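> could you look at this predicted model? Sequence included:
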Amino acid sequence: MSKGPKEAGMTLIVKTITRLTVGLILLYGIYIVTHGHLTPGGGFAGGVIIALSFIHLTLAFGKEVALKKLSKEGTSILDSLGALIFLAIAILGFTGGYFFLNFINKGVPFRLLSAGIIPLCNIAIALKVGAGLFAIFMGLVFLKILDKDKK
Amino acid sequence: MLELYLLLGFMIVGAIIALEAKDMVSSVIAVGAVGLGTSIAFLILKAPDLAITQLTVEILMLIILIRATLRRDLPFSTSGRWLLNTVITVLFLGVFLAVAYFAIKDLPRFGSPIMRVAKIYIAEGLKSTGATNLVSSVILDFRAYDTLGEATVLFTAAIGVIAVMRRIGRKTEDEKVKADDE
Amino acid sequence: MIYFLCMVLFAIGLYGVLRKRNLVKIILGLVIIEYATHLLFILIGYRMNGRAPILAEGEVIANIVDPLPQALVLTAIVISLGVTALVVSLAIRIYDRYRTFDITKIRRLRG
């Protein structure tokens, strides 16, 4: 939680630990998303973890640093991109017959590149959930800074 | 199933503490304990997907709830018809629990689900979708419409939060907070 | 019996929604109700001595728990987070407007 615009962010210890761990959290989220069709996890959990890594950055460094990594426009673009990818995959199912047809080759089970459209859908859902939750969090946090300005 | 009973008892105690604590931050933390207990219960009930999702969602929900309660007072007033209201509420809850006691006899017994629909998913899941995680194959292949609706609801919630919290276009009461906030 | 404990948890959340005056306590009651509902779904889908619905390589798994309620609850958890965020933002707005979380005082100040 930032202490106002002047001294943004927490203490040096928190900042150092954050700098070391935030990449690992993001990487873990990406792993959860891409292995969603083989192991527990999937788009929802991975999307929330990705959003939490950016929220971690926001809490430790203040909103300016986090917005430099992922701006407001970037968040809205990613959110829309997730929805559009999901809908495009769904509509491309019409090439074979019906909505949400699994039209890609299934591949060998228990491999990373298998299961047709499910990994792509997982990535789309993760983009959607992560960007949406980050937008919700930023919407809630900005007002807090305004409250302090008012007092 | 002893551990499940212990966990449910823990969650009930946590819920009572969360509702009755005087301090708002401690009640929020008690709700966090209830949520983490739910996560462990999902793990015992063999639902690892839900355990991961519940854990991460719980962390985010704690951040949001603490943001709502930070530096705000807790008005504690017991004016008015305190006794009457409590008696009526407890009576209503007693009726509710009695109805629930008779209603849950119609549910399938614990440990033996019906699985009329899920039989097809389990039998054909690997062959027709290629995904080894059956939950993933259900939510993204057999029942992808649910996921589409869920994405819509989440999008609506995000738009709602931003529309409620933004300052642009609201009525004046504080003009000095200008357009850079949204 | 274990269904009934879940119902007790639901009833505690309902008590919070009905009886409390603080808006934050009402939100916490809603959150507890959501947890109880998710847990009831998963309890109904559990099979005794079952295994998680994840297939393993070179192994035939016979006794799988019901994957359908898990899929439904998986979407419901994320939706509950969105709903909670929306309610919290409304509560913060009410606090800014009236400087209190007490719903009886809010009603008095209306107009």
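Arrived safely, thanks for sending.
> please count neighbours and contacts with C-alpha atoms only from this point.
Noted.
> all helices for chain B, in order.
Remark: helices assigned in chain B by DSSP state H are B:2-20, B:24-44, B:48-69, B:82-103, B:118-129, B:134-137, B:144-165.
> starting at the chain centroid, how far to the second one?
Mean-position distance between helix B:24-44 and its chain equals 10 Å (Cα atoms, centre = their mean, to the nearest Å).
> then the shortest one?
Helix B:134-137 sits 22 Å away from the centroid of its parent chain (Cα atoms, centre = their mean).
> can I get it in PDB, CA atoms only?
C-alpha atoms of helix B:134-137 as PDB (Å, rounded to 0.1, in the frame of the first residue of the first chain):
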ATOM      1  CA  LEU B 134     -11.500 -34.300 -16.900                       C
ATOM      2  CA  VAL B 135     -12.600 -31.100 -15.300                       C
ATOM      3  CA  SER B 136     -10.800 -29.100 -17.900                       C
ATOM      4  CA  SER B 137     -12.400 -31.200 -20.700                       C
END
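> mean pLDDT for the helices of chain B: which is lowest?
Ranked by mean pLDDT, the helices of chain B bottom out at helix B:118-129, which scores a mean of 77.
> all helices for chain A, in order.
A:12-34, A:43-61, A:63-69, A:72-92, A:118-150.
> and what of chain C?
Using DSSP H, helices in chain C cover C:2-19, C:23-45, C:67-98, C:103-108.
> mind giving me CSV with the helices of chain B and columns for mean neighbour count and distance to A:Leu38?
Output for the helices of chain B, formatted as CSV (neighbours: other Cα atoms under 10 Å in any protein chain shown; distance: least, Cα to Cα, whole Å):
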stretch, mean neighbour count, distance to A:Leu38
helix B:2-20, 18, 28
helix B:24-44, 21, 18
helix B:48-69, 21, 11
helix B:82-103, 13, 38
helix B:118-129, 17, 11
helix B:134-137, 30, 9
helix B:144-165, 19, 18
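> using CSV, lay out the helices of chain C together with mean pLDDT.
Listed next are the helices of chain C as CSV, based on pLDDT from 0 to 100:
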stretch, mean pLDDT
helix C:2-19, 88
helix C:23-45, 89
helix C:67-98, 85
helix C:103-108, 71
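> closest one to B:Leu65 among the ones you listed?
Across these, B:Leu65 has its closest neighbour in helix C:67-98 (7.1 Å, Cα to Cα).
> any buried residues in the closest one, and which?
C:67-92, C:94-95 (16 or more other Cα atoms under 10 Å in any protein chain shown).
> residue ranges with poor pLDDT in chain A?
A:1-9, A:99-107, A:109, A:112, A:142-151 (pLDDT under 70).
> show me which residues of it sit near chain C.
Chain A has residues A:38-40, A:44, A:110, A:133, A:136, A:140 near chain C, with proximity defined as Cα under 8 Å from any Cα of the partner chain.
> again, only this time at 7 Å
Residues of chain A lying near chain C by Cα under 7 Å from any Cα of the partner chain: A:110, A:140.
> output the set of residues of chain A in proximity to chain B.
Checking chain A against chain B by Cα under 7 Å from any Cα, the hits are A:36-42, A:44-45, A:48-49, A:100, A:106, A:109-110, A:114-115, A:118, A:121, A:132, A:135-136, A:139-140, A:142-143.
> so which residue is smack in the middle of chain C?
Nearest to the geometric centre of chain C sits C:Glu34, at 1.2 Å (Cα atoms, centre = their mean).
> got the residues of chain C near chain A?
So chain C meets chain A at C:57, C:89 (Cα under 7 Å from any Cα).
> for chain C, what lies in contact range of chain B?
C:3-5, C:9, C:11-12, C:15-16, C:19, C:25, C:35, C:44-48, C:51-55, C:66-68, C:70-71, C:74-75, C:77, C:79, C:81-83, C:85-86, C:88-90, C:92, C:102.
> so how far is A:Ile136 from B:Val95?
B:Val95 is 39 Å from A:Ile136, where distance means Cα to Cα, to the nearest Å.
> ditto for A:Ile30
21 Å.
> ok, the two, which is more surrounded?
Using other Cα atoms under 10 Å in any protein chain shown, the more surrounded residue of A:Ile30 and A:Ile136 is A:Ile136, with 25 against 20.
> the nearest residue to the more buried one once chain neighbours are set aside: what's it in contact with?
Spatial nearest neighbour of A:Ile136, chain neighbours left out: B:Ala158 (5.4 Å); criterion: Cα to Cα, 6 or more residues apart in numbering or on different chains. The neighbours of B:Ala158, taking Cα atoms under 7 Å, 6 or more residues apart in numbering or on different chains as the test, are A:132, A:135-136.
> now do the buried residues in stretch C:38-57.
For stretch C:38-57, a neighbour-count test (16+ other Cα under 10 Å) marks C:38-47, C:50-55 as buried.
> which two among the residues you listed are spaced furthest apart?
Applying Cα to Cα across the buried residues of stretch C:38-57, the maximum distance is between C:Leu40 and C:Leu55, 24.7 Å.
> OK, contacts around the residue nearest to the spatial centre of chain A?
By Cα atoms, centre = their mean, chain A has its centre lying nearest to A:Gly130, at 2.8 Å. Going by Cα under 7 Å, 6+ apart, A:Gly130 touches A:47-48, A:50-51.
> which one of those residues is nearest B:Val57?
Proximity of the contacts of A:Gly130 to B:Val57 (Cα to Cα) peaks at A:Val48, which lies at 6.8 Å.
> now do the same contact list for that closest one.
By Cα under 7 Å, 6+ apart, the neighbours of A:Val48 are A:129-130, B:56-57.
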